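Q: Sequence plus the predicted model coming up.
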Amino acid sequence: MEYPPSVRTLLDRVHAAEGDAVVVSAKSARYAGVVMPHHGFSGEDILTIKLDNGYNIGIPAGDIKSIELTAKHTAGKVERRLPLSQAGRPTVAVLGTGGTIASYVDYRTGAVHPAVTAEELVFSVPELLDVCNVRARVLYRIYSENLRPENWQHLAREAAKELNGGAAGVIIPHGTDTLHFTTAALCFMLRDLTGPVVAVGAQRSSDRPSSDAASNLLAAAHVATANLGEVLLVMHGDTSDGHAAIHRGTKVRKMHASRRDAFRSMNEVPLGRVTADGAVEISGAVLPRSKGPVTVDDRLDPSVALVQFHPGQTPAHLEGVLADVHGAVIAGTGLGHVAHDLIPVLGKAARKGVAIVMTTQTLQGRVNLNVYDTGRDLLKAGVLSGEDMLPETACVKLMWVLGHTRDPAEVAKAMGTNVARELNPTIGLDAFAE
């Protein structure tokens, strides 16, 4: 995107363009760096340059006293192709969806671009080719909040196709905000995995010195070649670069907006970790690779609401939410409670065939509707216990269950059946507390 006239005029005076090295003298200081491209989120009068330390800085045009051009960048884009597969090295399929991890730095300009092609995605971390042969495709280039259940279904089918086509494992680079929804969905839809399906993301983009994109993707490659037959999520295990944590797809949740170790296993410990030197250490009970073939059961009913109870929530509001859905997951308080005047609304919906599942906002621990009168009243109203499932996992599971049956008895049975290790029947009072 072209710079607006106020900035363009300053650059034109010294014949500077995107990617050129400049020294900018402003009111407060002098800044040396590379001219970054203007984009839709840039201020109209802001010149953005990348400093030598890797960070970007925006300088108001009105503060700029002068610009000195110190070097021109070399125009032209080098086309890169993935190398031929090497014998004896496992092949991993990479299915790109978008998100922060699916970006790379153009070191000619210092700009960050989305990886449009498979080659760009892989060459953003060329060390991948030291771990495995790679065959890569970009399926989507969208923010994770825009992914829908039909995208989960497509991902499941493509992952199965890759594994049945000989891939040792599948890596899915994905935006972090809804990553745990996708992993839960894949856990329910994929069966008899002949290799791991590893979802991975990044909290910080590739142009930042603190980026976790490369290390997370490299850790995912090591996990993708291990003897595992599950859907997993691999992300930083601490705020430094010490190790990456391996999480089960149905028991993981994003727990921080920006920390590199934002993802945590909930009501379960991580299944293992990847050390800085690439060693995969498994400490939990995991499924090994199956003999296959991989099968896909991707029937979903997306007509499910995820509702968080809050004090003051009115019966009319809840009734409106439940009016046009086939199922709903309620994130209740503590052991799984809502205000007493909402229980008749839930009961009415349940009698009409709407499946209602209760989970807890506390995330850690499990629902128990047998302790207090409120819980027992909810059971009488036809509300199902979500046990220790995360609200997001319960939501995805209910979509999957309703895709198979709308019969209340069958729904209740299926929601209480462990399909993808989403239920932990042995969790105690203080287990996994932080």
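A: Right, received. Where do you want to start?
Q: Show me which residues of stretch 169-181 are buried.
A: Across stretch 169-181, burial judged by 16 or more other Cβ atoms under 10 Å covers 169-181. Heads up, the C-betas are built off the backbone N, CA and C, glycines and all.
Q: Which stretches in the stretch 101-250 of the chain count as helices?
A: Secondary structure of the stretch 101-250 of the chain (DSSP state H, counting those that start in this stretch): helices located at 118-123, 128-131, 149-164, 179-189, 213-224.
Q: so which of the ones you listed comes closest to residue 141?
A: Residue 141 lies closest, by Cβ to Cβ, to one member of these: helix 118-123, at 10.2 Å.
Q: In CSV, list the helices of the stretch 101-250 of the chain along with distance to residue 378 and mean pLDDT.
A: As requested, those are exported to CSV (distance: least, Cβ to Cβ, whole Å; pLDDT from 0 to 100):
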stretch, distance to residue 378, mean pLDDT
helix 118-123, 47, 66
helix 128-131, 49, 86
helix 149-164, 27, 98
helix 179-189, 24, 97
helix 213-224, 40, 89
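Q: Give me whichever of these is most buried.
A: helix 179-189 (a mean of 27; mean count of other Cβ atoms under 10 Å).
Q: angle of that helix against helix 149-164?
A: If you take axes from the mean of the first three to the mean of the last three Cα atoms, to 10 degrees, helix 179-189 sits at 60 degrees to helix 149-164.
Q: Show me what helix 179-189 is packed up against.
A: The contact analysis (3 or more Cβ pairs under 8 Å, 6 or more residues apart in numbering; DSSP states H and E) places helix 179-189 against helix 149-164, strand 197-200, strand 231-236, strand 252-254, helix 391-402.
Q: Of all residues in this structure, which one is nearest the centre?
A: In the chain, the residue lying closest to the centroid (Cα atoms, centre = their mean) is residue 179, at 2.3 Å.
Q: so how far is residue 181 from the nearest residue to it once chain neighbours are set aside?
A: Once flanking residues are discounted, residue 179 sits nearest to residue 201: 5.2 Å by Cβ to Cβ, 6 or more residues apart in numbering. Going from residue 201 to residue 181 by Cβ to Cβ, to the nearest Å gives 12 Å.
Q: how near is the residue nearest to residue 21 when sequence neighbours are not counted to residue 27?
A: Leaving aside its sequence neighbours, residue 21 sits nearest to residue 71 (Cβ to Cβ, 6+ apart; 3.9 Å). Between residue 71 and residue 27 the distance is 25 Å, computed by Cβ to Cβ.
Q: Also residue 135?
A: For residue 135 relative to residue 27 (Cβ to Cβ), the value is 53 Å.
Q: between these two, which one's more packed in?
A: Remark: of residue 135 and residue 27, residue 135 carries more neighbours, 18 against 10, as counted by other Cβ atoms under 10 Å.
Q: Contacts only, for the closest residue to that one other than its chain neighbours.
A: Counting by Cβ to Cβ, 6+ apart, residue 93 is the residue found nearest to residue 135 once chain neighbours are left out, at 5.4 Å. Counting by Cβ atoms under 8 Å, 6 or more residues apart in numbering, residue 93 touches 134-137, 159, 162-163, 165, 167, 169-171.
Q: run the last query once more with 7 Å
A: Applying Cβ atoms under 7 Å, 6 or more residues apart in numbering to residue 93 gives the contacts 135, 162, 167, 170.
Q: Show me the beta-bridge partners of it.
A: Beta bridges link residue 93 to residue 135, residue 170 when assigned by DSSP bridges.
Q: can you pull the pLDDT of it?
A: pLDDT, the model's per-residue confidence, is 95 for residue 93.
Q: Relative to residue 141, how far out is it?
A: Distance from residue 93 to residue 141, by Cβ to Cβ: 18 Å.
Q: coming back round to it: phi, psi for the residue nearest to residue 21 please.
A: With angles defined as degrees, to the nearest 10, residue 71 sits at phi -160, psi 140.
Q: Am I right that it is in contact with residue 22?
A: No - assessed by Cβ atoms under 7 Å, residue 71 is found out of contact with residue 22, at 8.5 Å.
Q: Which one's more surrounded, the two?
A: The neighbour count for residue 71 versus residue 22, taken as other Cβ under 10 Å, is higher for residue 22 (21 against 10).
Q: mind listing what the host helix or strand of that one pairs with, with the direction of each?
A: Assigned by DSSP states H and E, residue 22 falls within strand 21-26. If you go by DSSP bridges, strand 21-26 pairs up with strand 30-35 (antiparallel), strand 64-71 (antiparallel).
Q: now the longest one: how far from the chain's centre is it?
A: The offset between the C-alpha centroid of strand 64-71 and the centroid of the whole chain comes to 41 Å, using Cα atoms, centre = their mean, to the nearest Å.
Q: shift numbering so it begins at 7
A: New numbering, starting at 7: the last item is strand 70-77.
Q: residues of it that come out buried?
A: Buried residues in strand 70-77, defined by neighbour count with 16+ other Cβ under 10 Å: 70, 73, 75.
Q: for the first one, same thing?
A: Judged by neighbour count using 16+ other Cβ under 10 Å, the buried positions of strand 36-41 are 37, 39-41.
Q: Pipe those residues into TSV and attach distance to residue 312 and pLDDT per row.
A: Shown next, in TSV, are the buried residues of strand 36-41 (distance: Cβ to Cβ, whole Å; pLDDT from 0 to 100):
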residue	distance to residue 312	pLDDT
37	46	93
39	44	88
40	44	88
41	45	89
